[in-house]
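Engineer: Quick one: sequence and predicted model below, then my questions.
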Amino acid sequence: MRRFGLGLLVAAAALSLGAAACGEADAETITVESWRAEDAAVWEDLIIPAFEREFPAIEVAFVPTSPTEYDAALEERLAEGTAGDVIACRAFDTSLALFERSHLAPLADLPGIEAFGPDERSAWAADGGIPYCVPVASVIHGFVYNRTAFGELGLREPRTEEEFFGLLEAIRDEGSLVPLAMGTRDRWEAATMGFQSIGPNYWKGEQGRLALIDGSAKLTDQPYVDTLTTLQRWSQYLPSSAPEMTHAEARAMFTAGDAAIYPAGSWEIAALSSAADFELGAFAPPPPAGQDTCYISDHTDIGLGMNAATDSPQAVRTLLTWATSRDFARIFANALPGFFTLRGTPADIDDPLAREFASWRDNCESTSRNTAQFLSRGEPGLEHEAWAVSAAVLTGGLDPISGAQRLQASLDSWYDPPSQPANR
């Protein structure tokens, strides 16, 4: 078991004693910016009370912004000097840009940051490895299904991709359920729960992701055409209203018991569990037949950083140091099932569906979304292009080869691969 060093324990004890001496009357208030408004109750009822019990001289306010508005709103507040003290950090390029503009403070000397290995820190590390956000959690892509309906219909989890399509065919032929609950109106879900979920099995996870970055692979190569071809096959199993259906509407269809399988991210576990009145199961994206190794999108998703312009740097550092602890990891992972700690020592997971998602790490190779690092820094960014192409392939607006050509052409219009090979 990994343990904190003596220096961190002494620092934490000194901070705690100092906090108690000051008393609540002199409490210093710091605010946490986040795009996850749905986490407000968890922060206010669990995370903040746990922190304030240990450090009563610091009060914390959680101030979220809607996810679609967060990046632009945060940029504006940082420029105006009105942003919060603690910044929820997206992985890779979005937060790196904030650090490079001196909006996020370096954290190389933060007590506890050593609890995270180089891979965990890489999503929030500048050139040279300087960390600027504490790694908090990753999320995993896969499929959630109606286990109750599977039992009634005599269905089982697929082990290969062809078994997956045979399963969809059987559900469609039976006729009582929509095979796949997914819409394409919001576009991002087609890429995030489609392209990025099944794709790692084709481009071989990190090997393929890094090959795109260093230019030794192209999005017109066969693995990407095959990914889009497989995604296109989904279209015949989606709701008839898929082009007009939002992500929220697709989830509601599934939790109402009207669909058998829901392409999902583990970040949705709490919402799915609270809304469904049937037993849930999950399976990882099945690999093509004959492929021994499976790959999962185990995407570094959220970190916590310090606003470089905060008026309360010591209080922020105290919170961030506490965020490196096993106690924080345990609270976070169990209050938000499906967000998996990036700390070296895994937190115990109570939720059975979250445990199922996490178990895939034991048998499959993990990778991050291939659009997240380097390839979305220019215009058009590959992330948003993948949204548009994936949705168009599913709705018949593009064929897989044309979709792959569009992705590569958009990247070629601005991206110059580095002269040195990419490292995670």
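Structural biologist: Received the coordinates, thanks. Numbers count the residues shown, from 1 in each chain.

Engineer: now the strands for the protein?
Structural biologist: 28-34, 58-64, 86-90, 133-146, 178-180, 259-265, 280-283, 294-306, 340-341, 364-367 (DSSP state E).

Engineer: Now render these as a markdown table, adding mean neighbour count and distance to residue 408.
Structural biologist: Heads up, the C-betas are built off the backbone N, CA and C, glycines and all. As requested, the strands of the chain are exported to a markdown table (neighbours: other Cβ atoms under 10 Å; distance: least, Cβ to Cβ, whole Å):
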| stretch | mean neighbour count | distance to residue 408 |
| --- | --- | --- |
| strand 28-34 | 19 | 35 |
| strand 58-64 | 19 | 36 |
| strand 86-90 | 26 | 25 |
| strand 133-146 | 26 | 23 |
| strand 178-180 | 22 | 28 |
| strand 259-265 | 25 | 25 |
| strand 280-283 | 20 | 31 |
| strand 294-306 | 25 | 21 |
| strand 340-341 | 25 | 32 |
| strand 364-367 | 20 | 20 |
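
Engineer: In terms of mean pLDDT, which of these ranks lowest?
Structural biologist: Out of the strands of the chain, strand 340-341 stands lowest, with a mean of 90 (criterion: mean pLDDT).

Engineer: got the strands of the chain as CSV, with distance to residue 171 columns?
Structural biologist: Below are the strands of the chain laid out as CSV (distance: least, Cβ to Cβ, whole Å):
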stretch, distance to residue 171
strand 28-34, 38
strand 58-64, 37
strand 86-90, 36
strand 133-146, 10
strand 178-180, 4
strand 259-265, 5
strand 280-283, 14
strand 294-306, 23
strand 340-341, 29
strand 364-367, 25
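
Engineer: Of all residues in this structure, which one is nearest the centre?
Structural biologist: residue 301 (3.6 Å; Cα atoms, centre = their mean).

Engineer: distance of the nearest residue to that one once chain neighbours are set aside from residue 300?
Structural biologist: Among residues not flanking residue 301 along the chain, residue 139 sits closest, at 4.7 Å (Cβ to Cβ, 6 or more residues apart in numbering). Applying Cβ to Cβ, to the nearest Å, the value for residue 139 to residue 300 is 9 Å.

Engineer: swap in residue 107?
Structural biologist: In this view, residue 107 and residue 300 are 16 Å apart by Cβ to Cβ.

Engineer: How many neighbouring residues does residue 117 have?
Structural biologist: 12 (other Cβ atoms under 10 Å).

Engineer: do residue 328 as well
Structural biologist: Look at residue 328: counted by other Cβ under 10 Å, it has 24 neighbours.

Engineer: Surely it and residue 47 touch.
Structural biologist: Yes - here residue 328 reaches residue 47: they are 7.4 Å apart, a contact under Cβ atoms under 8 Å.

Engineer: Quick one: residues contacting residue 48.
Structural biologist: Residues near residue 48 by Cβ atoms under 8 Å, 6 or more residues apart in numbering: 60, 62.

Engineer: Output the below-cut-off pLDDT ranges for the stretch 251-400 of the chain.
Structural biologist: 344-347 (pLDDT under 70).

Engineer: Quick one: the helices in it, in order.
Structural biologist: Secondary structure of the stretch 251-400 of the chain (DSSP state H, counting those that start in this stretch): helices located at 269-275, 313-322, 326-335, 352-363, 382-395, 400-412.

Engineer: right, and these - which one's nearest residue 120?
Structural biologist: helix 326-335 (11.6 Å; Cβ to Cβ).

Engineer: For the closest one, enumerate the helices and strands it packs against.
Structural biologist: helix 48-54, strand 133-146, strand 340-341 (3 or more Cβ pairs under 8 Å, 6 or more residues apart in numbering; DSSP states H and E).

Engineer: again, only using 7 Å
Structural biologist: strand 340-341 (3 or more Cβ pairs under 7 Å, 6 or more residues apart in numbering; DSSP states H and E).

Engineer: List of residues touching the strand it packs on?
Structural biologist: Here strand 340-341 makes contact (Cβ atoms under 7 Å, 6 or more residues apart in numbering) with 137-138, 140, 329, 332-333, 347, 358.

Engineer: ok, those residues vs residue 160, which is closest?
Structural biologist: Using Cβ to Cβ, the contacts of strand 340-341 come closest to residue 160 at residue 140, 19.6 Å.

Engineer: Give the bridge partners for the closest one, please.
Structural biologist: Counting by DSSP bridges, residue 140 forms beta bridges with residue 298.

Engineer: Isn't it up against residue 266?
Structural biologist: Yes - look at residue 140 against residue 266 with Cβ atoms under 7 Å: they come within range, at 4.5 Å.

Engineer: Common neighbours of the two, please.
Structural biologist: Joint contacts of residue 140 and residue 266 (Cβ under 7 Å, 6+ apart) are residue 357.

Engineer: still on that earlier bit, would you reformat the contacts of strand 340-341 as TSV and include distance to residue 183?
Structural biologist: Shown next, in TSV, are those (distance: Cβ to Cβ, whole Å):
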residue	distance to residue 183
137	26
138	25
140	22
329	34
332	30
333	29
347	33
358	27
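
Engineer: out of these, who's nearest residue 225?
Structural biologist: residue 140 (25.2 Å).

Engineer: Now for the closest one: which residues touch it?
Structural biologist: Here residue 140 is in contact with 266, 296-298, 340, 357, 360 (criterion: Cβ under 7 Å, 6+ apart).

Engineer: Likewise for residue 315?
Structural biologist: With Cβ under 7 Å, 6+ apart, residue 315 has these contacts: 28, 30, 58.

Engineer: For the second one, which residues are in contact?
Structural biologist: Which is residue 30. 58, 60, 85-86, 312, 315-316, 319.

Engineer: With adjacent residues omitted, what lies nearest to it?
Structural biologist: Using Cβ to Cβ, 6+ apart, the nearest residue to residue 30 is residue 85, at 4.0 Å.
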